[in-house]
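Enquirer: Got a predicted model here, sequence first, then my questions.
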Amino acid sequence: MANELRIPAGLIKQRALAANRPRIGLDYRRFGRAGGQHVTEMPEFTAAAQRVVQLHELLMAGTDELLKDGQLVMTGWKTESPFRPDAELEAIQATGAVFAQSIDWFWSTGIGGSFLGNKATIEAVRGTLELFNLLLREERGDTPGILFFGQNMDASYVATALKIMEGKRIGGNVISKSGGTVEPAIAFAILKAAMESSMSPEEVAQRIVAITDAQKGALKQLAGQKGYKTYVVPDNVGGRYSVTCPVGLFSLAVAGIDLKKFIAGARRAEEDVRNQPFNTNIAMLRAVMRYVAHKHMGIKIEVASTGVYDLKSTTAWMQQLGPESEGKNGEGLWISPEYYTEMAHANGQAIQMAERTIMETFLMVDDPGVDVIIPGAGTPVAYLDGKGLNFANQAFIAGLRDAHYEGIVPTMSYVLPRLDAFTMGMLFQYEMNAIALSGLLLGQNPFIQPGVQAYKKIADARSGKPGTEQALAAMQKAEQQLNPNFII
Ligand code: PA5
């Protein structure tokens, strides 16, 4: 017998997904207090349901100060992105495919909205990068490996990632709407220098794509000087609402994801949000439930959970979209991403029994397309012999949902028919609408992020950015006034 692993016949079962495009569902039967009132029975629900319909009209019309960042109405993700012409998508798809052929590793620099949606979509559709990057190129469908930079400033991460790419053909996209966010700018400077030291300027220019503002910003200027291909982040689309614009589209094309299907999913959801009556309108229902939970049921935390490893990054995308949109003026739900069942053995305890200020939204998948059979005979799980891992996983996730509901956690579930480009486009569009609407119900502007801008200013000053000298001096003075006895 050889020493290498051979996968036994019949252990893994893989099926092609059917060609139809089923809709996402929302199961909110458990959104209330177990044994008590369902949210829909609360008078506040009825009042908010009426308001949300009006707020949606406002969102469509773009006629409120709460929709603006400066002078711009920030609803391009709703009015334009889902309706991108096929010709534009085909052009990005083709450029991405040629780009993918020219490289072994694709890097992407960006943070927040210039990072999370891309990673979430690639992982949901192509598989978690932790494993995807370990596959051979042909097993990845002839696409390069993918590494993200600029979402951290950890030297060890960057050094290891550079070593992984050493000696390989590399290229990537640098994403920053403002063109000046420091973390991805540093990552890009490092990658650019590494490429420039080993390739001709023409080769480097062919392997860098810049995705930034149409006119302004340091990145736009640099791209012009160096001759990088550029894509535009539309003025009226903010970072966390940008996965369906070129911010997401180019990376997705390099990863071999079908852009027309992705945008068709977003369009299908957008049409639903516009045309479905309130009681079958996923985004409106979800917005109203989140709002009522936060304002009238004492809920402070929304746990965003999944048992699907490839959706871990989607819960991280939710963690940004909600709090950065709603977390203002002393309000807004904190979103805590949870991956089950790992977390069931950690803060699952607190979800079940700590302060009752938690609601939970599950991301469930009906048909994962692959299954692994449990050869349980003669082991502690003999009762599962011959059953699929999906059966066990779904039983555990449903069990967690029911247990948390019994523990007085209102829960709802997005039910995804499967993980493909169309479904992910749909999910993002429903969720962006839901969050924009629940922000508006709270009276917040969901399209600004003054808290993030404040941190960027402080970080700029601390890292010595020119023009921030006064701010740095003020910070140093404030630091001197701290009590020195409180450091040991
Ligand atoms: O949602 C947002 O607006 C932010 O999270 C931004 O995406 C993030 O700060 C990155 O900004 P930029 O794309 O300008 O580098």
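Expert: Okay, I see it. These numbers were taken from a predicted model, which means no experiment stands behind them. Numbering: from 1, shown residues only.
Enquirer: From now on I want contacts and neighbour counts done on CA atoms only, so please keep to that.
Expert: Noted.
Enquirer: neighbouring contacts of the lengthiest strand in the chain?
Expert: The single longest strand within the chain, with elements called by DSSP state E, is strand 358-365. Strand 358-365 has contacts (CA atoms under 8 Å, 6 or more residues apart in numbering) with 293, 299-308, 311, 351, 409-419.
Enquirer: Likewise for stretch 280-287?
Expert: Residues contacting stretch 280-287 (CA under 8 Å, 6+ apart): 25-26, 49, 52-53, 272-273, 278-279, 430-431, 433-435, 437-438.
Enquirer: Now the buried members of those residues.
Expert: Among the contacts of stretch 280-287, the ones that count as buried by 16 or more other CA atoms under 10 Å are 25-26, 49, 52-53, 272-273, 278, 430-431, 433-435, 437-438.
Enquirer: Up against the ligand, what does the chain have?
Expert: Applying CA under 6 Å from any ligand atom, we find that the chain lies next to the ligand at 111-114, 176-179, 181, 238-240.
Enquirer: Return the set of buried residues in the lowest-mean-pLDDT helix or strand in the chain.
Expert: The least trusted helix or strand in the chain, going by mean pLDDT, DSSP states H and E, turns out to be helix 450-462, with a mean of 88. For helix 450-462, a neighbour-count test (16+ other CA under 10 Å) marks 459-462 as buried.
Enquirer: mean confidence score for stretch 159-167?
Expert: Per-residue pLDDT over stretch 159-167 has a mean of 98.
Enquirer: about what we covered before: ChimeraX command for the buried members of the residues of the chain next to the ligand?
Expert: Applied in ChimeraX, the following selects the buried portion of the residues of the chain next to the ligand according to 16+ other CA under 10 Å:
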select :111,112,113,114,176,177,179,181,238,239,240
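Enquirer: which of the contacts of stretch 280-287 lies closest to the ligand?
Expert: Closest approach between the contacts of stretch 280-287 and the ligand, by CA to the nearest ligand atom: Ile435, at 12.7 Å.
Enquirer: Which strands or helices does the helix or strand harbouring that closest one pack on?
Expert: Ile435 is part of helix 421-441 when elements are defined by DSSP states H and E. Other helices and strands packing on helix 421-441, by 3 or more CA pairs under 8 Å, 6 or more residues apart in numbering; DSSP states H and E, are helix 43-61, helix 116-126, helix 259-275, helix 282-296, helix 312-326.
Enquirer: end-to-end on stretch 27-38?
Expert: Using CA to CA, to the nearest Å, one end of stretch 27-38 lies 13 Å from the other.
Enquirer: cool, stretch 236-243 as well?
Expert: 13 Å.
Enquirer: Report the mean per-residue pLDDT for that stretch.
Expert: 98.
Enquirer: Check stretch 261-269 too.
Expert: Mean predicted confidence for stretch 261-269 is 98.
Enquirer: then it to PDB, C-alphas only?
Expert: The C-alpha coordinates for stretch 261-269 follow below in PDB (Å, rounded to 0.1, in the frame of the first residue of the first chain):
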ATOM      1  CA  LYS A 261     -24.500  36.600 -13.700                       C
ATOM      2  CA  PHE A 262     -23.300  38.600 -10.700                       C
ATOM      3  CA  ILE A 263     -24.900  41.800 -11.900                       C
ATOM      4  CA  ALA A 264     -28.000  40.000 -13.100                       C
ATOM      5  CA  GLY A 265     -28.400  38.800  -9.400                       C
ATOM      6  CA  ALA A 266     -28.000  42.300  -8.100                       C
ATOM      7  CA  ARG A 267     -30.600  43.600 -10.700                       C
ATOM      8  CA  ARG A 268     -33.000  40.800  -9.800                       C
ATOM      9  CA  ALA A 269     -32.800  41.800  -6.100                       C
END
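Enquirer: what's the offset of it from the middle of its chain?
Expert: The chain centre lies 16 Å from the centre of stretch 261-269; the measure is CA atoms, centre = their mean, to the nearest Å.
Enquirer: Repeat that for stretch 406-423.
Expert: How far stretch 406-423 lies from its chain's middle: 15 Å, per CA atoms, centre = their mean.
Enquirer: Show me what the host helix or strand of Leu472 is packed up against.
Expert: Using DSSP H and E, Leu472 maps to helix 469-480. Applying 3+ CA pairs under 8 Å, 6+ apart, we find helix 469-480 packed against helix 450-462.
Enquirer: Can you tell me what sits against the helix it packs on?
Expert: Contacts of helix 450-462 (CA under 8 Å, 6+ apart): 181-182, 324, 468-469, 471-472.
Enquirer: Among those residues, which one lies nearest to the ligand?
Expert: Looking across the contacts of helix 450-462 and measuring by CA to the nearest ligand atom, the closest to the ligand is Thr181, at 4.4 Å.
Enquirer: Give the closest residue to that closest one in space, chain neighbours not counted.
Expert: Lys456 (7.6 Å; CA to CA, 6 or more residues apart in numbering).
Enquirer: ditto for Ile257
Expert: Here the residue nearest Ile257, using CA to CA, 6+ apart, is Ala421, at 6.7 Å.
Enquirer: How about Ile24?
Expert: Leu416 (4.9 Å).
Enquirer: Just confirm that neighbour contacts Ala124, I think it does.
Expert: No. Contact criterion CA atoms under 8 Å: Leu416 and Ala124 do not qualify, at 11.3 Å.
Enquirer: Quick check: which ranges of this protein have low pLDDT?
Expert: 1 (pLDDT under 70).
Enquirer: The residue positioned nearest the centre of it and the ligand: what is the separation?
Expert: Closest residue to the average C-alpha location of the chain: Trp317 at 2.4 Å, with CA atoms, centre = their mean. Noted for Trp317: a distance of 10 Å to the ligand, by CA to the nearest ligand atom, to the nearest Å.
Enquirer: swap in Glu270?
Expert: 20 Å.
Enquirer: wait, doesn't that residue sit right on Met432?
Expert: No. Checked against CA under 8 Å, the pair Glu270 and Met432 is beyond contact range at 9.8 Å.
Enquirer: so what's Leu472 up against?
Expert: Residues in contact with Leu472, defined by CA under 8 Å, 6+ apart, are 458, 461-462, 464.
Enquirer: Repeat the analysis, applying 7 Å as the threshold.
Expert: 461-462 (CA atoms under 7 Å, 6 or more residues apart in numbering).
Enquirer: try the one 5 residues further on
Expert: Counting by CA under 7 Å, 6+ apart, Lys477 touches no other residue.
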